[in-house]
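Prediction below, plus the sequence it came from.
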Amino acid sequence: MLRVSLFWRTFLLIAALVLFSLAASWQMVRAFDRTPPEQRLAWEIASVVNLTRSALVSSAGERRRALLDELARDEGVRVAVLEPGDRVEGLPPGGDAALLERRLRALLGSHTRVAGRVNGEPALWVSFDIDGDGYWLAAGLERWTRQAGPPWWLVGSLALAVSLVGGVLISRLVNRPLASLAHALGRVSSGAPAAPLPEDGPSEIAEVNRRFNAMATDLAALEADRAVALAGISHDIRTPLTRLRMEIELSRVSDDEKESMGTDIERIDEIVGKFVEYARAGAADHGGARIEAVDVATLVGALSDGYRARIDAGELRLTSEVPPGLQWQGDALEVARMLANLVENALRYGRRNDQPADVEIVAQRDGQVVTLEVRDRGPGVPEGELQRLLRPFARLDDERSERGGSGLGLAIVQRLAQRYGGRCTLANRPQGGLSVQISLPDGTAR
């Protein structure tokens, strides 16, 4: 079966019900009223003509004038002499005028004429004879318009249009709480904070929203406790690491052993630092971040200056392509942390053999979103591992033993981007290497 959203499923069900109701109503009208409107009008006009003819024939001269006045006053019917030079126009459009004329001729005779205007005067004009003389009977034109009315397809189309618009509004009303819940669940599942959902409205939706708000509050408290625990553990570990570093310097081991042990301690200290950074990225919400105009070109230039020693040592080639004057609204420190993590990641995994890491930073703006892309020319990543590497502590098997990464660099970038409603995506470059793209909407002050 086709997978259809709740909105369209509700709308289609309502539309089907409306169409069925209209069809059933139309059949009921046809079943209870089998006489066409033009036939009812023809019977009515023929009766008036016959009664008027009979009354005029049987009444005396003076009584005939009084009868004509009474017909005009009470029934809205006038009688005029039919002249050969009368200017005759047909009935107005909107009904079956030809069918009405044919039915009147069948009832009154083949010589009967039907018009909508005679000598410029609008009315429902029907001709008749009295002793060989021709006359016009003029009835109010509303008799014709009332019987004919608007065409059935116009009435049906209007009813269908109004019903479908109502179906759309009802579907949106039903779907809106579920869409808000799905959006909030998406933010929570990605690690971003979600605004509390309204707890009013229908009882079932209100109960679901209350349970979701309680769950989101518990998860936020759990995340805060985990951040505090990570920060505390990391701080406690760094104190003995400092003592170990001092003891190694004072020990009588060889310089090579000191260097090896010092390298291991620095690696542990780096991993501890990543724990602290990851905890901070998860604990702080976007509302506490500074929102200011960040000059992206200046920030990338400062990042290059920070890696000057490694560039001069031949370990890194860092280039950038940033339009002059490109600005982003947010916290410059957080953008610097994201770019530094990506450059470090390229230094560690984006090198081929003993060649320096070739890293390029590209920035551009599209509407309210600034896109930062960090490219390297390394071996890349297996396609099946691209999404997994954005998770905390996710590493490739060979990285675990050879390069000692913590598996938190990309996760930190992902968390920081999500705080601004952005995202981080990984892709292998066709010419070789990995491309990490960060989309950052402009932050707004709260």
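Thanks, I have it. Numbers count the residues shown, from 1 in each chain.

Buried residues in stretch 418-435, which are they?
In terms of neighbour count (16 or more other C-beta atoms under 10 Å), stretch 418-435 has its buried residues at Gln418, Arg419, Tyr420, Gly421, Gly422, Arg423, Cys424, Leu426, Gly433, Leu434, Ser435. C-beta coordinates here come from the backbone N, C-alpha and C atoms, glycine included.

So which residues of this protein form strands?
Taking DSSP state E as the test, the strands found in the chain are 77-81, 88-89, 114-118, 121-130, 133-139, 292-295, 316-321, 327-330, 357-366, 369-376, 423-428, 434-441.

Using PDB, write out every CA atom in the fourth one.
By that I understand strand 121-130. Output in PDB follows, covering the C-alpha atoms of strand 121-130 (Å, rounded to 0.1, in the frame of the first residue of the first chain):
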ATOM      1  CA  GLU A 121     -39.700  45.900 -21.900                       C
ATOM      2  CA  PRO A 122     -38.400  42.800 -20.000                       C
ATOM      3  CA  ALA A 123     -40.900  40.200 -18.900                       C
ATOM      4  CA  LEU A 124     -41.900  36.600 -19.700                       C
ATOM      5  CA  TRP A 125     -44.100  37.300 -22.800                       C
ATOM      6  CA  VAL A 126     -46.400  34.600 -24.100                       C
ATOM      7  CA  SER A 127     -48.700  35.100 -27.100                       C
ATOM      8  CA  PHE A 128     -52.300  33.900 -27.300                       C
ATOM      9  CA  ASP A 129     -55.400  34.500 -29.500                       C
ATOM     10  CA  ILE A 130     -58.900  35.700 -28.800                       C
END
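
partners of that strand, with directions?
Looking at strand 121-130 with DSSP bridges, its partner strands are strand 114-118 (antiparallel), strand 133-139 (antiparallel).

for stretch 171-183, the distance to its chain's centre please.
11 Å (C-alpha atoms, centre = their mean, to the nearest Å).

which parts of it are buried?
Neighbour counts over stretch 171-183 (16+ other C-beta under 10 Å) mark Ser171, Val174, Asn175, Pro177, Ser180, Leu181 as buried.

Could you do stretch 332-350 as well?
Neighbour-count burial for stretch 332-350 [16+ other C-beta under 10 Å]: 332, 334-350.

Just the CA trace of it, in PDB.
Extracted in PDB, the C-alpha atoms of stretch 332-350 (Å, rounded to 0.1, in the frame of the first residue of the first chain):
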ATOM      1  CA  ALA A 332      32.600  33.000  16.900                       C
ATOM      2  CA  LEU A 333      34.200  30.700  19.600                       C
ATOM      3  CA  GLU A 334      31.900  27.900  18.600                       C
ATOM      4  CA  VAL A 335      32.600  28.200  14.900                       C
ATOM      5  CA  ALA A 336      36.400  28.200  15.700                       C
ATOM      6  CA  ARG A 337      35.900  25.000  17.800                       C
ATOM      7  CA  MET A 338      34.100  23.300  14.900                       C
ATOM      8  CA  LEU A 339      36.700  24.300  12.300                       C
ATOM      9  CA  ALA A 340      39.600  23.400  14.700                       C
ATOM     10  CA  ASN A 341      38.100  19.900  15.300                       C
ATOM     11  CA  LEU A 342      37.700  19.300  11.500                       C
ATOM     12  CA  VAL A 343      41.300  20.500  10.800                       C
ATOM     13  CA  GLU A 344      42.600  18.200  13.600                       C
ATOM     14  CA  ASN A 345      40.600  15.400  12.100                       C
ATOM     15  CA  ALA A 346      42.100  16.000   8.700                       C
ATOM     16  CA  LEU A 347      45.600  16.200  10.200                       C
ATOM     17  CA  ARG A 348      45.100  12.800  11.800                       C
ATOM     18  CA  TYR A 349      43.200  10.900   9.200                       C
ATOM     19  CA  GLY A 350      43.500  12.900   5.900                       C
END
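
What mean pLDDT does it get?
Model confidence over stretch 332-350 averages 87 on the pLDDT scale.

now the strands of the chain in TSV, with distance to Arg308?
Below are the strands of the chain laid out as TSV (distance: least, C-beta to C-beta, whole Å):
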stretch	distance to Arg308
strand 77-81	106
strand 88-89	96
strand 114-118	95
strand 121-130	95
strand 133-139	102
strand 292-295	20
strand 316-321	9
strand 327-330	24
strand 357-366	14
strand 369-376	18
strand 423-428	27
strand 434-441	22
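
Nearest to Asp236 among these would be which one?
Comparing the strands of the chain against Asp236 with C-beta to C-beta, the closest turns out to be strand 423-428 (30.6 Å).

Could you tell me the angle between the closest one and strand 369-376?
On the basis of axes from the mean of the first three to the mean of the last three C-alpha atoms, to 10 degrees, strand 423-428 is oriented at 30 degrees to strand 369-376.

In terms of secondary structure, what does strand 423-428 contact?
helix 409-418, strand 434-441 (3 or more C-beta pairs under 8 Å, 6 or more residues apart in numbering; DSSP states H and E).

Identify the residue spatially nearest to Val374, adjacent ones excluded.
Residue nearest to Val374 in three dimensions, not counting chain neighbours: Leu342, with 4.1 Å by C-beta to C-beta, 6 or more residues apart in numbering.

Would you enumerate the residues in contact with the one you found?
Val374, Gly409, Leu410, Val413, Val436 (C-beta atoms under 8 Å, 6 or more residues apart in numbering).

Show me the buried residues of stretch 171-183 that map onto helices.
Residues from the buried residues of stretch 171-183 lying in helices, with DSSP state H as the criterion: Ser171, Val174, Asn175, Pro177, Ser180, Leu181.

Any chance of CSV for the strands paired with strand 121-130, columns distance to Leu316, mean pLDDT and mean neighbour count?
Compiled in CSV, those are given as follows (distance: least, C-beta to C-beta, whole Å; pLDDT from 0 to 100; neighbours: other C-beta atoms under 10 Å):
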stretch, distance to Leu316, mean pLDDT, mean neighbour count
strand 114-118, 92, 84, 20
strand 133-139, 99, 84, 18
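
any chance of those strands in a markdown table, plus distance to Ala221?
A markdown table is the format used below for the strands paired with strand 121-130 (distance: least, C-beta to C-beta, whole Å):
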| stretch | distance to Ala221 |
| --- | --- |
| strand 114-118 | 81 |
| strand 133-139 | 83 |
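
quick one: the most centrally placed residue in the chain and Arg172, what's the gap?
Closest residue to the average C-alpha location of the chain: Ala179 at 10.1 Å, with C-alpha atoms, centre = their mean. From Ala179 across to Arg172, the span is 9 Å (C-beta to C-beta, to the nearest Å).

Domain ranges for the chain, per the record?
6-33+152-181, 37-148, 190-283, 285-441 (automatic domain parsing).

winner for burial among these?
Neighbour counts (mean count of other C-beta atoms under 10 Å) averaged over each of those peak at domain 285-441, with a mean of 17.

Test for you: state the pLDDT assigned to Val362.
93.
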